[in-house]
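Participant: return a 3D structure for these sequence lines:
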Amino acid sequence: MPVERWSTAQVTAVAPDAGSLKGARSVATPGKWQATGLLDDVLWGLCRGSGRSPYQVCADLSGPAYKCSCPSRKFPCKHALGLLLMWAEGTAPGPATEPPPFVAEWQASRAARAARAAEPRPAGPVDPEAARKRARQREERVAAGMTELSRWLDDQIQHGLAGAERAGAAPFDTMAARLVDAQAPAAASAVRRLGGVAGIGPQWADRLLGDLAMLRLLVSAHERLDALTPALAATVRSRIGFPVSTEEVLASRPVQDHWQVLGRTDSDDGTITTRRTWLRGVESGRFALHLSFAAPGQTLAADLLPGTSFDADLCFYPGAAPLRALIKDRQSTARPLASPVGATSLRDALRGWTAVLAAEPWRFDAPVLLDGVAPSADGFLTDTAGDSLPLAAGHREPWWLLAAAGGLPATVAAEWTPAGLRPLSAWVDGRFVPAAPPVPDGGAPRSPELPPALLASALVGTGRRPYASSTVEVGDRALHLGAGASLLDAAAAALIYRRAGSTPSTTHPPVPAAPAEVDRPLPSAAGDRLLRLLTDGGAPGGTQQVQELLAQWLAAAAAWGGHVPPESLPALLDAGRRNGVVRPAIGRVAGERGRWLAALRPDWRWLRDEAPGAAVAGDPAIWDTGTGGERLAHLTRLRGTAPDAALALLRSTWDNEAPEDRARFIGALATGLSLADDAFLDTVLDDRRKEVREAALELLRRLPGSRLGRRMAERALAAVRLERRALGRDRVAVTPPAELTADLRRDGVAAQPSRGTGVQAWLLEEVIAGTPLATWTEAFGRGPAAVVDLARGNDWETALLHGWAKAAITQEESAWASALVRNDARESAAGLREAVRWDLHLLLPPADLARIAADFLRREDHLAHRLLAVHPGAWPDELAVAVVETIAHRARTDRHSWQLAELCRAAATAMPPAYATVVAGLAAQLDQDSADPSRIRPIAELARTLTFRHEMLQEFQ
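Facilitator: Below is the predicted model:
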């Protein structure tokens, strides 16, 4: 039977950490492997490493299990993960080849270990009498410890819990240490945890009293251990800390079923990491909890992948409500689970919880599989019958579920606790969606679980306020406890009754569903890559490079058209919240689901300004009723078809617009800008808000024939005159403005001179900067280069050149930019300020800028890196070839590897992706030449990034 191919999500899920997954991406290309193949269930490969011998890699897909000859202590290592990624993506194995001997040897050794494990073990210890003696001794120690725990509990209640707030964790640690000595480790852990409750957080006294009451119930159960049923006795022994061997569990009767992996959670208490994975049998309907542990620095087992299912025999640990289980025999490999079987309503789920609690009152959580639930606006999940249950703190804003399901009902796996639901995963339209990790939130305040009378007595202590009652009030019910019941007995009964009697509420309607998408979805491969970009470790390079890759992906997606996968929206909207540059592209690909989601959260509402949605397109009423973003979009669309009507619409409401909206609406006039807008824009120069005036100035300076341009030209020609002389030695005579007048200030001349510039020189520079450049070519009868030459040697040369440069930048005149850059390169020329110089470079034709940068690289000019950084868009071949040549040269000759690394980082997001093969070949050649690894590493990283970009763009073809 052929092995079912894994998905990329399955491979990602078995990665021990983000670093391993990131490393796996670096080797998940066929060029890194000498050979790959598939032998039965074993995927194998030979991966080229830094040494002479390749790494021998195996992955048993039926386990799964992994082997690699590399020195990594992580399982699976990056080489095994890389091989799995290639297999999942269809790039491995290649043509059928004979597997090397190490594959069959590893396969045989695994079979031998499995056979040994299946052999029957000796039934019992060598010395049964000694074993019985040790068991009796432990029973006696535990009994003594539980007796001491009982006295300690009585002391806490007698002296009052108010004293626990002052004493802190010390008394609890002391008692826990005594229980450890008494060989009751589970009870000791329960006591030690109480030290983190006393005096900490809201309702701490209620929580502390409840936990003490459950310890009292455990002590009472231990005292009657012989009278309990075997199942309940096993539960009590487990809660105290009596061990149950793996052999004993596996010897019990197995439950054969098709098991669905619902979800998992990881927790770390500082000494050990625990992974809890919940399963549910299709036929038996039983839930099962599989636990795995790892010491610090070790990786957790990842053989149970949420969102999959498999056939297996499970053996359960003994107990009154058995949930924890071991996998005894696995009969099939994991396969994707499109939709789980056995989902129930909220009321039925609570009935199951009540049954679990009745059997095991110490249980704090239980799994539930909920059918057709959707989030409400106030932190609840509501099913189709209108019943609701609260979400636990940290999960009260389930953006992951809202994004995936769009407010429609979904199947959700969760853990139910007295504090609320802790979601594990969901299934939406046949897709598995893992729950997002919990985040701190301002959830609803915790309500006390115990009656106020019990809590009041416990706080002051029964020594001051004796408790003597045979009943306890829980809500509107009275529980009869019998004579002689202590306060802790009453608290335990009240707590269990309250928890077991949980009922759904009916006043939390789900949020209105998202509108249907009107665009097509992006290609699935492109959507998967976006999720990688938004996930730590999913893309090459550091944070800055990943942001640039994200921007390139968004640009390609916007050009292709369509909407992103809904699961990516929360992370994508957060990315836009942090980085305004990518917002326009996100607005084009977020779709209706993204706009709907953004409306539910204030710090995502920027999206509505970027993309108001198809529903408002072309609706004239939106100008009167829409949001700022919707009105801006309407005005921009109208400018594209009827610019005069758009201007009239804006003028009709201008006096009533908010200042921040005025500036944005002025920017919309850039579409279809003409002299018909000149009179209105000129009046805007009198607006009280600076940002509004600056928006109008920016447009007027780009508008040929504007009133502003004519006024500035008149001032400029009065200040700068051409003096014609014999023999073509013409020169300019300069008479700068004497002072900053109110008219100059209104027309955008700044009052504050640049550092080191005199007032008159600054005023001259600003007047020239606001003058249309055509003024000079018409008045002097010369081209830009000749006009610039006239300034050479003039006393006001610096002001003239900077004025023309700033005008070229504003008016986007590339011919003037070229003339000024060439002039700036002359040794005798007055140098431009650095900021102005680099802005001019952005106006140069890309081919010109590339030639300059390539020339600087070959001359090892320190400015070359700056030119590479400002080069717009993808590099032309001439520049790319020069960069590759420079990288090869520096890798072999430079003393400082950081210079090579900087060059590779600059090339990673700008060099054409087609050069990936060339760069990878260079890295391989340097490796064969035994070059310094610190020089090979950045080149290999560059090749990896170029490959990533090439694949990214291909996915949109």
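Participant: check the gap between residue 403 and residue 571 for me.
Facilitator: 9 Å (Cβ to Cβ, to the nearest Å). Quick note: C-beta positions are derived from backbone N, CA and C, even for glycine.
Participant: those two: who's more crowded?
Facilitator: Each of residue 403 and residue 571 has its neighbours counted (other Cβ atoms under 10 Å); residue 403 has more, 26 against 18.
Participant: how close does the more buried one sit to residue 8?
Facilitator: Using Cβ to Cβ, residue 403 is found at 20 Å from residue 8.
Participant: for residue 947, give its distance to residue 377.
Facilitator: Applying Cβ to Cβ to residue 947 and residue 377 gives a distance of 45 Å.
Participant: where does the nearest residue to residue 679 once chain neighbours are set aside land on pLDDT?
Facilitator: Leaving aside its sequence neighbours, residue 679 sits nearest to residue 707 (Cβ to Cβ, 6 or more residues apart in numbering; 7.7 Å). Here, the pLDDT recorded for residue 707 equals 94.
Participant: going forward can the numbers begin at 55, since that is how I track them
Facilitator: Right, with 55 as the first residue, what we last looked at is residue 761.
Participant: which parts of the longest helix along the chain are buried?
Facilitator: If you go by DSSP state H, the chain has its longest helix at helix 182-213. Judged by neighbour count (16 or more other Cβ atoms under 10 Å), helix 182-213 contains these buried residues: 192, 196, 199-200, 202-204, 206-207, 210-211, 213.
Participant: who are the packing partners of it?
Facilitator: If you count contacts as 3 or more Cβ pairs under 8 Å, 6 or more residues apart in numbering; DSSP states H and E, helix 182-213 packs onto helix 224-235, helix 239-248, helix 258-277, helix 541-554.
Participant: among the ones you listed, which comes closest to residue 749?
Facilitator: helix 258-277 (55.3 Å; Cβ to Cβ).
Participant: shaky segments in the stretch 405-554 of the chain?
Facilitator: Low-confidence segments of the stretch 405-554 of the chain, defined by pLDDT under 70: 496-498.
Participant: try 90 this time
Facilitator: For the stretch 405-554 of the chain, applying pLDDT under 90 flags the ranges 493-503, 505-507, 515-540.
Participant: what segments of it are helices?
Facilitator: Under the criterion DSSP state H, counting those that start in this stretch, the stretch 405-554 of the chain contains helices at 453-459, 506-514, 541-554.
Participant: neighbours of the closest residue to residue 908 other than its chain neighbours, how many?
Facilitator: Distances taken as Cβ to Cβ, 6+ apart place residue 936 nearest to residue 908, at 3.7 Å, with adjacent residues excluded. The number of residues packed near residue 936 is 21, by other Cβ under 10 Å.
Participant: residue 936: what's it in contact with?
Facilitator: Residue 936 makes contacts with 907-908, 911-912, as judged by Cβ atoms under 8 Å, 6 or more residues apart in numbering.
Participant: which element is it on?
Facilitator: Assessed by DSSP states H and E, residue 936 sits inside helix 931-947.
Participant: list the contacts of whichever helix or strand comes after that helix.
Facilitator: Note on helix 931-947: by DSSP H and E, the next helix or strand toward the C-terminus is helix 951-962. In this structure, residues lying in contact with helix 951-962 by Cβ under 8 Å, 6+ apart are 594-595, 599, 919, 922-923, 929, 934, 937, 940-941, 944-945, 948, 986, 988-989, 992-993, 995-996, 999-1000.
Participant: if you set the cut-off to 6 Å instead, what comes out?
Facilitator: Outside helix 951-962, the residues that touch it by Cβ atoms under 6 Å, 6 or more residues apart in numbering are 599, 922, 937, 941, 944-945, 948, 988-989, 992, 996, 999.
Participant: can you flag the buried ones in those residues?
Facilitator: 599, 922, 937, 941, 944-945, 948, 989, 992, 996, 999.
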